[in-house]
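Asks: return a 3D structure for these sequence lines:
(chains A, B and C)
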Amino acid sequence: MRREIPLAITFVVGMTILMSYFFAGTIPGTAWNLKNLAGDITGWGVLVSAFAVLLASVNLVRIHGAAISRKRKGWYNSGILIATMVAFALVGILRKHNPANTGINDLFQNMFNNVLSPLGAAMFALLAFYIASASYRAFRARSLEASILLAAAVLVMLGRAPIGELMWGQFPVISKWLLDIPNMAGQRAIMIGAAIGGFATSMRILLGLERGHLGGE
Amino acid sequence: MTAIAGTKFLLWTIIVCGAIIVGVVQLSKSGKRIPKIRRIAGLDSIEEAIGRATEMGRPVHFTPGLSDVTAETAPQTFAALEILSYVTGLTAKYNTELIVTIRIPNVFPLAQEIVRQGYLAAGKADMFKEDTVRFLSSEQFAYAAGVMGIFHREKVASNIMMGAFWAESLLFAEAGAQIGAIQVAGTAAMAQIPFFVAACDYTLIGEELFAGGAYLSQDKVKLGSIAGQDLVKFTVMSFIVIGTLMSTWGNSALIEFMKK
Amino acid sequence: MNIFNKLQNIDRRVIYAILLVVLVIPLLRPIGIPLSVNETTKTIYNIIEDLDPATDVVLLSFDYSPGGSPDVHPQAVVIAEHLMRRGIKWVGVSFWDAGPMYAEQIMKYYEAQGAMYGVDFVNLGYMAGGETAIKNFGDNPRGAFSNDFRGNSIDSLPVMAGINNITDFAYTIDFVSGNPGFQEWVRQVQGPHGIKYGVGIVTVSVPQVMPFLQAGQVQGLLQGLRGAAEYEMLLGSPGAGAAKMDAQSMGHMVIILFILVGNVAFFMDKKKDKK
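Replies: Predicted coordinates for the structure are as follows:
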């Protein structure tokens, strides 16, 4: 039963949502409106997600709480993590329940603008440096395929940056052709293949053929 | 109950494709025609990666990607969880420490259960610790920072990244390369495939990720569904070729048929 | 280790240091490298130019996080600027939790200049649920929110007066840095409802939009920071986007230079080995 019940729930819920895309009105023999039922199920999904957030937060607090209590190396980082988590949650909840309170709104906006936003942007900015080191290491003309990859990368980079256009007016044209023709062909092939793969995986899950996510198999 | 206009073709597509997949699965299940799957180097390399971590006495890191189980990218997460099941079995076999990091709260209990059950099945329940599966943050780059920190602090020897990824893919792959970890990645997220190819030792591209569960388990049912998936692909390819030819000659009958 | 070996294995910290210097200098002292404008950018500009300020309302979906904001937020800023200059009313919505904060940043700027919240623009806020939420909003934008981000009743806001269906928006632009994003919008809203829909996206995801652009499902595309810079040029007021383009140019050149150095050293080393 440990497996059968989740599989039955998956099938019923999945089929209901899927059918609501194709059919309207009530399910024959019942007074249940398909669209409303699908909407309710989605709502339950949001509720389940909220519990999952709680579960995940408990895991986070327990791991970092243990790091603080056992004074593990860098324990103060765990302290900062828990403190900021609590502070953001508190201010967020207060803002949600007092949308007209300017003080709380400004505090929330300031925390967002001056803490969260720059930290996220800094992480994103790291990409520039990592792209530099990764491309320096990976783009070596070791074979014909690698040489084609290298030439395409350099041409697209030159075509995308204004300086490339300044050097030779045809760089953007070549870059656009590479993006529109060979890139598009590859993108579509992977996109269609992955979509069919995703569809087959969804079918396996819906029909209970794939059970790995339930554990132990 | 009435059919919604404009969805008839889509409904029949799902029924026909589903029937093809189920039909081939039945053939495979009965043993009449068990499909053989080609060698996928990326999946073979997982054992090598875990073996290396075992030799070095250092942990293996696994991430099932950054997608939820309710999003369009959910099949990638499920495929990743299938592979996690296999990775857990191998780490249990070799007594190697496993660290699973999670971004999506919904994925957290699933991953925890997979790893716990995996250790239990291998008779090594004591290998499962509270910090084996770790939720880091649901914020994309906070999660990325957490993963990179774990790489450096815990000196991860092997890094396995499966599922849907976005801009953080290169952060993981490059941080892994910096610490000299052997890296296996797999994703159907098109924009991230080049980053993984450039920075990882092995990469599963698109559909290869979805074939992971079947390839690693060699289960008849799963192998059948992969073969069915290929048949569906041939059907789609025929539609593309016929549709392109018809459109080229100014015939829009197929397009109109698909709009029904 | 010979010189060619060394050039093939330059310490990553050296690469990072050189890149940092090259990026910072043009940010402090812009060079002003000329920039051409992409057709996909012009499409958005022309669509907005053709709107009627008396009747048309534009929907802006702020679907990005702080991480993607350096690439996408300048796009939202410059589009809002164009709408405000033309006196076109706009509505902000978000399917990413950080989105409403970016809409607020823009709205507060215009409020300080005398624009009226609720009359010129409104921030509907964040709707949880990813793709399902996008579908719900597309099916019934009026019923999806009862209050806006600031707690006002939707019915009390003049800008929402004529909005009952998603097709009541003259144009929708989605600023996006990941999922849920443009694919969900195309699947759940653009396709079923046939809305006029444009996208502003992080540079790395531009190739993903191309098939949808060619198919006509996406009308107009801002391609990363460059898209914002191009739009600033069209508006005749170079701003945050244009200022950063010089840095991007120089960054690209440094990366190409390192790739070249690595390859030249690789070939010279191979040649030496053959000898």
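
Asks: hey, let's count contacts and neighbours off CA atoms from now on
Replies: Noted.

Asks: look at the closest residue to B:A3 other than its chain neighbours and say how many residues are nearby.
Replies: Nearest in space to B:A3, with sequence neighbours left out and distances taken as CA to CA, 6 or more residues apart in numbering or on different chains, is A:F23 at 4.4 Å. The number of residues packed near A:F23 is 19, by other CA atoms under 10 Å in any protein chain shown.

Asks: who touches A:F23 in this structure?
Replies: Going by CA atoms under 8 Å, 6 or more residues apart in numbering or on different chains, A:F23 touches A:L34, B:M1, B:T2, B:A3, B:I4.

Asks: which one of these is nearest chain C?
Replies: If you rank these by distance to chain C using CA to the nearest CA, B:I4 comes first, at 11.2 Å.

Asks: can you give me the buried ones in the top helix by length along chain A?
Replies: The residue-count maximum for a helix in chain A (DSSP state H) belongs to helix A:34-69. Neighbour-count burial for helix A:34-69, with 16 or more other CA atoms under 10 Å in any protein chain shown as criterion, is recorded at A:34-35, A:37-39, A:41-42, A:49, A:52-53, A:55-57, A:59-61, A:63-65, A:67-68.

Asks: tell me which helix or strand the residue of chain A found nearest chain C sits in.
Replies: Nearest residue of chain A to chain C: A:G120, at 4.2 Å (CA to the nearest CA). Element membership of A:G120, judged by DSSP states H and E, is helix A:117-138.

Asks: ok, that helix near chain B or not?
Replies: Yes. For helix A:117-138 and chain B, the contact criterion (CA under 8 Å from any CA of the partner chain) is met by A:G120, A:M123, A:F124, A:L126, A:L127, A:Y130, A:I131, A:A134, A:S135, A:A138.

Asks: the fifth one touches B:A173, doesn't it?
Replies: No. Distance between A:L127 and B:A173: 11.0 Å, which falls outside the contact criterion (CA atoms under 8 Å).

Asks: more crowded one of those two?
Replies: When A:L127 and B:A173 are compared for neighbours, B:A173 comes out ahead with 28 against 18, by other CA under 10 Å.

Asks: show me what from chain A comes close to chain C.
Replies: Close to chain C, as judged by CA under 8 Å from any CA, chain A has residues A:42, A:46, A:99-100, A:109, A:112, A:116-124, A:129, A:132-133, A:135-137, A:139-141, A:154, A:157-158, A:161-166, A:179-180, A:183-184, A:187-188.

Asks: need the buried ones from these selected in PyMOL.
Replies: Buried subset of the residues of chain A next to chain C, written as a PyMOL selection, criterion 16+ other CA under 10 Å:
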select buried, chain A and resi 42+109+112+116+117+118+119+120+121+123+124+129+132+133+135+136+137+139+140+141+154+157+158+161+162+163+164+165+166+179+183+184+187
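
Asks: could I get the phi/psi values of C:G129?
Replies: phi 120, psi 0 (degrees, to the nearest 10).

Asks: ok, now which ones touch it?
Replies: C:G129 sits next to A:V46, C:F95 when contact means CA under 8 Å, 6+ apart.

Asks: neighbours around whatever residue of the stretch 51-200 of chain B ends up closest to chain C, how many?
Replies: Using CA to the nearest CA, B:A191 is the residue of the stretch 51-200 of chain B that sits closest to chain C, at 5.8 Å. Residues near B:A191, counting by other CA under 10 Å, number 19.

Asks: grab the nearest non-local neighbour of it.
Replies: C:S205 (5.8 Å).

Asks: the one you found falls within a helix, correct?
Replies: Yes. Counting by DSSP: H, G, I helix; E, B strand; the rest coil, C:S205 is found in a helix.

Asks: what residues does the stretch 1-150 of chain B have near chain C?
Replies: Counting by CA under 8 Å from any CA, the residues of the stretch 1-150 of chain B that sit close to chain C are B:A71, B:E72, B:Q140, B:F141.

Asks: now the second one: which helix or strand?
Replies: In this structure, B:E72 is located outside every helix and strand according to DSSP H and E.

Asks: roughly how far does it sit from chain A?
Replies: Separation of B:E72 from chain A (CA to the nearest CA, to the nearest Å): 9 Å.

Asks: with the last one instead?
Replies: Per CA to the nearest CA, B:F141 is found 6 Å from chain A.

Asks: residue contacts, that residue?
Replies: Counted by CA under 8 Å, 6+ apart, B:F141 has contacts A:G120, A:M123, A:F124, B:E168, C:G67.

Asks: recalculate using a threshold of 6 Å.
Replies: Residues in contact with B:F141 (CA atoms under 6 Å, 6 or more residues apart in numbering or on different chains) are A:G120.

Asks: give me the pLDDT value at it.
Replies: pLDDT for B:F141: 86.

Asks: now A:G215
Replies: The model reports A:G215 with a pLDDT of 65.

Asks: would you mark the buried spots in stretch B:23-32?
Replies: Buried residues in stretch B:23-32 (16+ other CA under 10 Å): B:V24, B:V25, B:Q26, B:L27, B:S28, B:K29.

Asks: low-confidence ranges in chain A?
Replies: Applying pLDDT under 70 to chain A picks out residues A:1, A:215-217.

Asks: give me the subset of the contacts of A:F23 lying in strands.
Replies: Among the contacts of A:F23, the members found in strands (DSSP state E) are B:T2, B:A3.

Asks: are any of the contacts of A:F23 buried, and if so which?
Replies: Judged by 16+ other CA under 10 Å, buried ones among these: A:L34.

Asks: show me which of the contacts of A:F23 has the smallest pLDDT value.
Replies: B:M1 (80).

Asks: quick one: list the elements packing against the helix or strand just after the helix holding A:G120.
Replies: The helix or strand immediately downstream of helix A:117-138 is helix A:144-160, counting by DSSP H and E. Helix A:144-160 sits against helix A:171-178, with contacts defined as 3 or more CA pairs under 6 Å, 6 or more residues apart in numbering or on different chains; DSSP states H and E.
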